[in-house]
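Colleague: model this:
(chains A, B, C and D)
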Number of protein chains: 2
Amino acid sequence: MAKIKISDVAREAGVSLGTVSNALNHPEKLRPETLKLINETINRLGYLPNQSARQLAGGTTKSFGLVLPRLDHGFSLQIASGAHNEARKHGYDLLIANADNDDILEDHYLRYFMGTQMSGVMVQPMASPDWHPAMTKIPVPIVHLDIRCSEPGYYVAADNEAQGRIIAELAIARGARHIVVVGRAAFMQLTLRVLGIHKALALHPDIKIEVIDAGEWNTAADGYGIGAQIAERPADERPDFVVGLTDVLASGVISALTDKGISVPEQVRVAGCDGNPLAWSGAVPLTTVAPPGYEIGRKGVQLLMEQIEDKPAAKTKRVRIGSAARTVTTVTASEGINRQELVRPFLLERVSTQNAKPHPTGQPMVPTTDINLGAYL
Amino acid sequence: MAKIKISDVAREAGVSLGTVSNALNHPEKLRPETLKLINETINRLGYLPNQSARQLAGGTTKSFGLVLPRLDHGFSLQIASGAHNEARKHGYDLLIANADNDDILEDHYLRYFMGTQMSGVMVQPMASPDWHPAMTKIPVPIVHLDIRCSEPGYYVAADNEAQGRIIAELAIARGARHIVVVGRAAFMQLTLRVLGIHKALALHPDIKIEVIDAGEWNTAADGYGIGAQIAERPADERPDFVVGLTDVLASGVISALTDKGISVPEQVRVAGCDGNPLAWSGAVPLTTVAPPGYEIGRKGVQLLMEQIEDKPAAKTKRVRIGSAARTVTTVTASEGINRQELVRPFLLERVSTQNAKPHPTGQPMVPTTDINLGAYL
DNA sequence: CGGCCCCTTTGATGCGTTTCAAGTACAAGC
DNA sequence: GCTTGTACTTGAAACGCATCAAAGGGGCCG
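Modeller: Here you go, the predicted model:
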């Protein structure tokens, strides 16, 4: 069962090679009967075009690549979802690679995508948004997600710092005296969230803050370990508010605390950060900041499309979404700020399971409490 | 910034084209100094090999494709995770495509992967595991996941029917009198789960069972809608046990019920099916059957590797994992049953958040209760 | 009947690699 | 000094397809 190629189809159908190619790519150029004949032959033979050859000959495919640090964070999934829908809307395919929290792998997949003649590539980078200098020379549109990177470059950033601030505001509003933040330090976005927390707490020197590194994976197990450690402290050294920089971490902490007989949220409040789908739905009594992942994915693809469609446009374009506010700010190097759009608010506080609401469509609904977002506008 | 190709590198480094190619693929064949020189040139120029050309010329890439019906189901993510780890172990890349619950898209991506000279392709199909006849002629190793398909073919199936049975057993054990099952009918695996439930209830004609189609997406919103509808029924028509064929559905139901003042699990018990990561971790008071997705992904890649490494071997190979039992059964056409391995048990009942345990490594830990799994061995 | 034009089909060319048989340079052995 | 061998390196030939200039065929007009 040697692979069937276009020439086999051509011979079998009694037409020339170029005609079969046209049947595939420019069917309108063929006489209907010829087209029909060819299609039948294709089906009969089970011919499948060799994508590599197509790309080589044709120059590009209508597909985008997306490199994600991990698949089990609700936030990344929302990015994937937004990107997927937007890409399909433009007739593009979306291929996803999981870098598995490994920056070498991230780089690997990135190069892979760039070398595959993808029409564009997106990354949610873990640490180093700033590219190997030579990389910038590569003529493949690229957009960085969830991070700001230095010029030249396109990015769509959620304001991670603001997410931290929001969580901190919440903690303050709930009367926290001692906050523990749990998360993987090497993960840049998380570091920004921590920064935001620190900034928000700057005016509250009486509130004690402590940051615990969650190890390499940010898994529930890591969270559990830390939660257990917290539970074993004497009551007066125990925090009254724990921030999991990731929903999974947060739920691991909750799990450990309750296991050890410490009640959540009565004795210790726990908040996450990810907007995991299960959190919206109300089954999880987890307070979480939900960064607008869906929007970010969507915008990312839009930025890719812009680069594809009018190359000569602005070299640099940045979009910051929901920077702790409810707007999308689009900044073009040449134009300055040019647009603001309404975006879903993104703090979801769950005190009980009582305030859950369904989301209307495939898009996530994120209920919100009114913790003065205005301050960050 | 025209694209830099291998010949540019060769010219710049003063060696021949073939030598640069060797530097990339068979570095051991080169004199160390030559290799060094070439690598420096590559970096200086920012050269990135054209994957399409490589694939065309080389015949294949060391990469697998995985088509998933959706990214937001914990189960699919576990498959991806297992497949990823196993693939990397063998030095292969894994590319993931999201079919978004659309069988046309599923087919599209499948063809795409097959045509990309992937070394192998895996699908978690939604409906039609049985291929267009011509498809079987295509010489790309393919493995179906989470489903059984007719010969010839390789698959790794979780026993969905058994998952249904297990849930039903649980319901019976908890004294259910009226069970409502919620899920998208068109989704084959879900249908099997329903079948399992029916079978388990065959001996209990006194237990009323009702199946509600969840619409197209199986989202939390769908679950919420159905939950709301259930909540509005008069008390005596209301079920005392709801099965969400998906964790997200289940949590949507929980959300609606609690919103409407019906307490879970006191008045109505709700169970899911997916083993969502957040469910393991203890933040979610959700009873769920956790199919061994991680194992399935792993096995899938192993089957791909077998096909790659010894082509002439058995044409058909089926693996059924954790068929409601704790074993992996490997069946080869020629050999019959030949192996059994221990696998994690997979029922996770959460009555409260008290029984959560961390999972030891990146792999999911699934606590279990002892609801006679033995019966299904 | 010849000339023109339009619609359709043809097939040679090149895309950027890998591969591999053939080549080169150099060292060791006689 | 010649041969044999070793260690690298070379470059031409595919890989399967899209493209596009050119050829073919048919209808229409003069």
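Colleague: which regions of the stretch 101-250 of chain A sit below the pLDDT cut-off?
Modeller: Along the stretch 101-250 of chain A, segments meeting pLDDT under 70 span A:127-138, A:149-152, A:216-217.
Colleague: show me which residues of the stretch 51-200 of chain A are close to DNA strand D?
Modeller: Within the stretch 51-200 of chain A, the positions near DNA strand D by Cβ under 7 Å from any atom of the strand are A:53, A:54, A:56, A:57, A:58, A:59. For every residue, glycine as well, the C-beta is placed using N, CA and C.
Colleague: also within reach of DNA strand C: list those from those residues.
Modeller: Okay, of those touching DNA strand C (Cβ under 7 Å from any atom of the strand), that's A:53, A:56, A:57.
Colleague: without its sequence neighbours, what residue ends up closest to the second one?
Modeller: Read that as residue A:56. Leaving aside its chain neighbours, residue A:56 sits nearest to residue B:52 (4.5 Å; criterion: Cβ to Cβ, 6 or more residues apart in numbering or on different chains).
Colleague: test my guess that the one you found contacts residue A:55.
Modeller: Yes - counting by Cβ atoms under 8 Å, residue A:55 is a contact partner of residue B:52 at 3.8 Å.
Colleague: which neighbours do the two share?
Modeller: A:116, A:117 (Cβ atoms under 8 Å, 6 or more residues apart in numbering or on different chains).
Colleague: helix, strand, or coil at the residue in chain A that DNA strand C sits nearest to?
Modeller: Taking Cβ to the nearest atom of the strand, DNA strand C has its nearest neighbour within chain A at residue A:18, 2.3 Å off. Assigned with DSSP: H, G, I helix; E, B strand; the rest coil, residue A:18 falls in the helix class.
Colleague: how near is it to chain B?
Modeller: 19 Å (Cβ to the nearest Cβ, to the nearest Å).
Colleague: burial of that residue, as a residue count?
Modeller: 10 (other Cβ atoms under 10 Å in any protein chain shown).
Colleague: what do you get for residue A:262?
Modeller: Counted with other Cβ under 10 Å, residue A:262 comes out at 18.
Colleague: and residue A:13, by the same measure?
Modeller: 20.
Colleague: for residue A:195, same thing?
Modeller: So residue A:195, with other Cβ under 10 Å, has 14 neighbours.
Colleague: dump the C-alpha coordinates for the helix or strand in which residue A:190 is found into CSV.
Modeller: Take DSSP states H and E as the rule and residue A:190 turns out to sit in helix A:188-201. Extracted in CSV, the C-alpha atoms of helix A:188-201 (Å, rounded to 0.1, in the frame of the first residue of the first chain):
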residue,chain,number,x,y,z
MET,A,188,7.0,35.0,34.9
GLN,A,189,3.3,35.7,34.8
LEU,A,190,3.0,34.5,38.3
THR,A,191,5.8,36.7,39.4
LEU,A,192,3.9,39.6,38.0
ARG,A,193,0.9,38.7,40.0
VAL,A,194,3.0,38.6,43.1
LEU,A,195,4.3,42.0,42.2
GLY,A,196,0.8,43.3,41.9
ILE,A,197,-0.1,41.9,45.3
HIS,A,198,2.9,43.6,46.9
LYS,A,199,2.0,46.9,45.3
ALA,A,200,-1.5,46.7,46.5
LEU,A,201,-0.3,45.9,50.0
